[in-house]
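A.B. asks: No letters, just coordinates:
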């Protein structure tokens, strides 16, 4: 009798384990759009490192543009400071234009790009959205300084090291605009720190 009871417990336990593993497998986890694009490009260009490197840069450029557009929209709607709103609008306009250029270049090379803001971008957006008033404006300026410094670094490297001449030229041509954004953000921060 003990053997039958033990066997039935083992069978029941195995059945529950299999059911729980199967239900975990069926949960659909939202993948980060940047990772999806990078994986697709890696699969396409696995044997061609030069294309993979160039595609990684365009994925990064798209990630930057998508984040700047969303944060720029947030600044326009949430800030009460006219200069912050103006800077937010400029970000939306210029990064939307840049995103279109990246898409054109990527499409002509069959590169995949993220289509929405990344998890990291959403986290940054949410941190900013939690703020209000002058705290919002100062956090926005800090984010713009940090983000544009990182973007300038990526674009400068691509301008020097990209394999595709058009990507190299495009990256080089955009360093000046990103540097202007950085200077604008630093001036904005200086003005906000006086308040």
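C.D. replies: Arrived safely. Just so you know, these numbers come straight off a predicted model, no measurement behind them. Numbering: from 1, shown residues only.
A.B. asks: All the helices of the chain, residue numbers only.
C.D. replies: Taking DSSP state H, the helices of the chain run over residues 2-26, 33-44, 49-78, 82-108, 119-129, 133-161, 165-193.
A.B. asks: tell me the most buried of those?
C.D. replies: Most buried of these, by mean neighbour count (mean count of other CB atoms under 10 Å): helix 49-78, with a mean of 21. All C-beta atoms are positioned from the backbone trio N, CA, C, and that covers glycine.
A.B. asks: relative to helix 82-108, how tilted is that helix?
C.D. replies: 150 degrees (axes from the mean of the first three to the mean of the last three CA atoms, to 10 degrees).
A.B. asks: I'd guessed residue 84 sits against residue 188; true?
C.D. replies: Yes - with contact defined as CB atoms under 8 Å, residue 84 reaches residue 188; the gap is 6.8 Å.
A.B. asks: any residues in contact with both of the two?
C.D. replies: residue 141 (CB atoms under 8 Å, 6 or more residues apart in numbering).
A.B. asks: quick one on the thing from earlier: out of the helices of the chain, which gets the lowest mean score?
C.D. replies: Note on the helices of the chain: helix 2-26 shows the lowest mean pLDDT, a mean of 42.
A.B. asks: Now do the same contact list for the residue nearest to residue 61 when sequence neighbours are not counted.
C.D. replies: In this structure, residue 61 finds its nearest non-sequential neighbour in residue 102, 5.1 Å apart by CB to CB, 6 or more residues apart in numbering. When contacts are counted by CB under 8 Å, 6+ apart, residue 102 touches 58, 61-62, 65, 113, 170.
A.B. asks: Next: residue 148.
C.D. replies: Residue 148 touches 178-179, 181-182, 185, counting by CB under 8 Å, 6+ apart.
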